[in-house]
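Student: Build me a structure from this.
(chains A and B)
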Amino acid sequence: MSVDLATKSLLHDKLRFFITVSGVAFAVTLVFVQVGLFLGLMDNASLTIDQIDADLWVTSRNTPNVDFAHAFPETYVKRVRSTPGVARADNLIVWFMNVNLPSGAIEGTEVYALESFAHWNFPQGVVEGDLADLRRGPYMVLDDSAKKRWGHFAPGDYREVLGRRLKIIGRTVDAKSFTTTPLTFMDYRLAQSLNESDLRGNTTYILVKLAPGADAEAVRAEITKRLPYNDVFTKREWAERSRTYWIDSTGLGLNMYITVFLGCLVGIVVVAQTLYTSTMEHIREFGTVKAIGGGNGDIYRILGKQAMIAAIAGFALGALQAFALRPVMAKIDLKLIIPMELYVLVLLGAIALCLSAAVISFRKVATIDPALVFRT
Amino acid sequence: MSILHTRRVEKSFQEGRETISVLRGIDFNVERGEIVSLEGPSGSGKTTFLSILGCILTPTSGEVVIEGNAVSEKSLADIRKRSLGFVFQQFNLFPSLTAIENVEYALNVKGLRNKDARIEAQRVIEAVGLGDRQNFLPRDLSGGQKQRVAIARALAGTAPILLADEPTANLDSQVGTQVLEMFRALAKQENRALVIVTHDPKVRTIADRVVKIQDGALV
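Tutor: Next comes the predicted model:
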């Protein structure tokens, strides 16, 4: 094994090493938190679409996202059901309603109403109660996220929705929308009866399950033909459309890109500055490397390795910080989603960032005059 | 046969519009195993000449021949690696490496690696009497010990020419003498040529020949 001058020299000045690693870790944490929050919000934006076991969604024309639904005649579902290749089609109502709380306050809820939740495997996080019971009366199931805004509730309690007392018969967890409005689940007919002016005889979506082996594009084309004033999306398209709406309309995407850019910029400046200062302080050593027969390549390898070590150590520290922030974020209802691909991408990014920062030092090293070793 | 010789070496630098001539046609040669003391007052051009002998600078005109090969711009680093060992006034040790690692790293740069490098480093570090200090960092060594490490680094490998720039300047008189005697013994023992640039009159006592330089020319 050869003497590892790069590592030993880097670790020799521990404070400088810590500053370099902190710079990288800062950038890495910022990228993880920003992108993780963004993915978390986007996950909420299409969470219900992802959970509902439908292959196609029929919506009113130009519906921008799953939350902002518009009503259309519920009888359209019959045209869909009779379309070849359709195994099942049901109406789904998604509608915002007001809830009168015992405190006198009025809060909003986003209602998801189906005739049979079980057929669509939705919602998935039921922790108390049975969704099948929703059909038996004026009942509702609430998501626990409502507790933050509505105060404590439990099955057996009543809440007034659009002036009508409904009994809470169950609870779910992690059923969320991008709007942060708490989700409520109830029977389809009950939802219609709560807002007759908008929903009587109307639905907001038709969920479609394809028959085994059916060609999704052919079925979509046929439904589009039968319902010329509606839109038909595949599950993936509809989820993407819902997410894109929030990215475009809120500037969330731009905000994320700017913060990630600034994080990387700060990281690159810190690393470049510390590497360059370190290079200048070790200039005599690099001159010695040249004097004893080494070339620029030997010094580039030293600087490159130091940059790599800083990148990997900074990545590890940054990733650890981001990981530690997850439960903290969860406490304030923010979801930090960090997929494995992001870990790999950020690690590669950190290495690229540090190597680019080292380029400034490379340029300095190329001009080192080995004769400086004779100077006192 | 000389292992190193120069023919009509001249060196000038441009300073603004003025050309300053530092070396004026130096003819010089050193035999294998010979110890030469190169003396001269400050500004006489001795360090510039040493830089040219050490293939760190190229002459403006003239020729430098090392081990029978004329030095060219392209061959500088290769000749430094293969044929030369340096000892500097400021020691120029790597502060993050131990004494033995300083020597071993120089061998790595010269292309010797792994166990071979460690064995050779061990040999020279013991030859300079630092076997018991081999794992000390430079900051934990005295000036004389640092210079011994620097000498060990120059001796490591098979470079036939050793060049030393004021090797005793930062040492007290007694330690300087010890270092010089040890340096001479080792150079002679391994039949290496040694050129020492110095102000120190003690160097004369170990040199086979004294060469004086003044105003860029040998006198």
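
Student: hmm, who's touching stretch A:343-362?
Tutor: Stretch A:343-362 has contacts (CB atoms under 8 Å, 6 or more residues apart in numbering or on different chains) with A:24, A:27-28, A:31-32, A:264, A:267-268, A:271-272, A:275-276, A:278-279, A:300, A:303-304, A:306-308, A:310-312, A:314-315, A:318-319. (Each C-beta comes from the backbone N, C-alpha and C, glycine too.)

Student: pLDDT of that stretch, averaged?
Tutor: Averaged across stretch A:343-362, the pLDDT comes to 87.

Student: same check, this time on stretch A:166-180
Tutor: So the average pLDDT for stretch A:166-180 ends up being 91.

Student: Kindly report the same for stretch A:252-264.
Tutor: Stretch A:252-264 comes out with an average pLDDT of 83.

Student: Buried ones in that stretch, by neighbour count?
Tutor: Buried positions in stretch A:252-264, judged by neighbour count with 16 or more other CB atoms under 10 Å in any protein chain shown: A:252, A:256, A:259-260, A:263-264.

Student: Stretch B:2-22: which residues count as buried?
Tutor: Those would be B:2-6, B:9-12, B:22, for stretch B:2-22 by 16+ other CB under 10 Å.

Student: And for the closest residue to chain B within the stretch 151-300 of chain A, nearest residue in space, chain neighbours not counted?
Tutor: Closest residue of the stretch 151-300 of chain A to chain B, CB to the nearest CB: residue A:293 (2.8 Å). Spatial nearest neighbour of residue A:293, excluding adjacent residues (CB to CB, 6 or more residues apart in numbering or on different chains): residue B:81 at 2.8 Å.

Student: Residue A:370 too?
Tutor: Of all residues not flanking residue A:370 in the chain, residue A:290 sits nearest, at 3.9 Å (CB to CB, 6+ apart).

Student: Provide the contact partners of whichever helix or strand the one you found is part of at residue level.
Tutor: Element membership for residue A:290 (DSSP states H and E) is helix A:283-291. Residues from elsewhere that reach helix A:283-291, judged by CB under 8 Å, 6+ apart: A:5, A:9, A:279, A:296, A:298-299, A:302, A:364-365, A:368-373, B:54, B:56, B:77, B:80, B:86, B:88, B:90, B:92, B:94-95, B:109.

Student: Try it again at 6 Å.
Tutor: A:298-299, A:365, A:368, A:370, A:372-373, B:86, B:92, B:94 (CB atoms under 6 Å, 6 or more residues apart in numbering or on different chains).

Student: which of these sit farthest apart?
Tutor: The largest separation in the contacts of helix A:283-291, counting by CB to CB, is between A:365 and B:86 at 19.2 Å.

Student: Show me which of the two is the more surrounded one.
Tutor: Neighbour totals were compared for residue A:365 and residue B:86, and residue B:86 leads with 26 against 22 (other CB atoms under 10 Å in any protein chain shown).

Student: Does residue B:213 fall in a helix, a strand, or a coil region?
Tutor: Following DSSP: H, G, I helix; E, B strand; the rest coil, residue B:213 is assigned to strand.

Student: Now for the closest residue to it other than its chain neighbours: which residues touch it?
Tutor: Nearest residue to residue B:213 in three dimensions, chain neighbours excluded: residue B:40, at 3.9 Å (CB to CB, 6+ apart). Residues in contact with residue B:40 (CB under 6 Å, 6+ apart) are B:46, B:212-214.
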